[in-house]
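Q: Here you go, sequence then predicted model.
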Amino acid sequence: MRTVFDPRQLTHAPENELHNGALTPYFESPARAEAILSAVGETEPPVDHGRAPIEAVHDARYVAFLERVYGEWRADGRKGDAIPYVFPTRGQRPNDFKAVDGQLANYSFDAATPIVAETWEAAYWNAQTALTALDGVMKSGEASAFALCRPPGHHAGRDYMGGYCYLNNAAIAAEAARSQGAERVAILDVDYHHGNGTQDIFYDRSDVFFASIHANPATDFPYFWGRADERGEGAGEGATLNRPLPHGTAADGYLEALDDAVSLVDAFAPDLVIVSFGADTYEHDPISFFKLTVDDYAALGERIAKLSQPKLVVMEGGYAVDALGEITTRFLEGLSG
Ligand code: SP5
Ligand code: ZN
């Protein structure tokens, strides 16, 4: 399967995140991508599609903020990574802060997604990786392609970052596919965490179906999204599907939810299926609580392979670095038959 990757995606390397009340080495490390790279073999570099497909999904002021904020952080005399420490809660007026902490607050929903000098460049090429892999299925007619995205994307919304995510690679690819003639696109999110950014971006849309299987937000990040009664709104009513699952979920429970999601995706009759793939459903993932084994991932891919549409797989989370290569290749093999 065509795999797209750019070494600039490795340059983003925050030192720490706020985890369980202390600064802890950043889980979302470049070593994750290196582990997957050495397992998948050949990759090809992305083609530059420019900023327009990014700004078709993300607010232009948010994109400019990502590009510029680290320079302002340093110019203000700060050392180390840029991390927000205040957050708007309810009902605050929109603002155009000059203070760097105010800007970080405006555009973040957690304190575990730092910005470093290289973040923008890595995120930019990461989005290009998704767009180039999309070309493989939309323009070259391939049955499937893999965008080895890192940093991940599914927690990033139109104008916010969080959950290690800055630009929403899957959403950018979905919107680009629409503009290239796909009438309906389905995004199937199988990361352990709910894909809140993707859900928000398409919540009122009837042309993009979002289905997510994830840890119950009552117990897990991102807490404020992903309950079963979130089904979309307005024209998008019914085009969002959430299947929260409890801690300890193993292959039997997981595959049952996946089969349901796959049949609803099929009923939507999309022209393209984008899979937001997280390997953090793995039993030994250091921040997650499902119980899938390495051997289960081929079955996940095979269930999704029952969908006849072209498929773009976009990498999301997964933090058990030593197992990531094996998990990802088993999944991709199952998916491509
Ligand atoms: C893309 C992706 O997978 N993002 C995940 C971001 C999760 N960040 C917060 C994780 C908090 C985990 N707390 C676990 C407590 C273990 N004792
Ligand atoms: Zn995740």
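A: Looks like it arrived, so ask away. Ligands and ions are numbered 1, 2, ... in the order given.

Q: Near Ala52, how many residues? Count them for me, please.
A: Other residues near Ala52 number 9, with proximity taken as other CB atoms under 10 Å. C-betas here are computed from N, CA, C, even on glycine.

Q: er, Arg61 I mean
A: By the criterion of other CB under 10 Å, Arg61 has 12 neighbours.

Q: okay but it is in contact with Tyr160, surely?
A: No: using CB atoms under 8 Å, Arg61 is not in contact with Tyr160, being 11.6 Å away.

Q: Does stretch 144-157 reach ligand 2?
A: No: with CB under 5 Å from the ion as the criterion, ligand 2 is not reached by stretch 144-157; the gap is at least 7.0 Å.

Q: For Gly102, which non-adjacent residue is spatially closest?
A: Nearest non-adjacent residue to Gly102, counting by CB to CB, 6 or more residues apart in numbering: Asn95, 7.0 Å away.

Q: State the distance from the one you found to Asp159.
A: As for Asn95, its distance to Asp159 is 13 Å (criterion: CB to CB, to the nearest Å).

Q: rewinding a little: could you tell me the model confidence score at the residue nearest to Gly102?
A: Looking at Asn95, its pLDDT reads 78.

Q: Does it touch Asn106 like I think?
A: Yes: counting by CB under 8 Å, Asn106 is a contact partner of Asn95 at 6.6 Å.

Q: Between these two, which has more neighbouring residues?
A: Remark: of Asn95 and Asn106, Asn106 carries more neighbours, 21 against 11, as counted by other CB under 10 Å.

Q: okay but that one is in contact with Ala99, surely?
A: No: contact criterion CB under 8 Å: Asn106 and Ala99 do not qualify, at 10.1 Å.

Q: Quick check on Tyr160: phi, psi?
A: phi -150, psi 150 (degrees, to the nearest 10).

Q: swap that for Met315, please
A: Dihedral pair for Met315: phi -70, psi 130, per degrees, to the nearest 10.

Q: What residues are bridge-paired with it?
A: In this structure, Met315 bridges to Phe277 when assessed by DSSP bridges.

Q: Could you pull up the contacting residues of the closest residue to ligand 2 within the stretch 101-250 of the chain?
A: Residue nearest to ligand 2 within the stretch 101-250 of the chain: His193 (3.6 Å; CB to the ion). His193 makes contact with His154, His155, Gly163, His214, Ala215, Asp220, Phe221, Pro222, Gly278, Asp280, Ser288, Gly317 under the criterion CB atoms under 8 Å, 6 or more residues apart in numbering.
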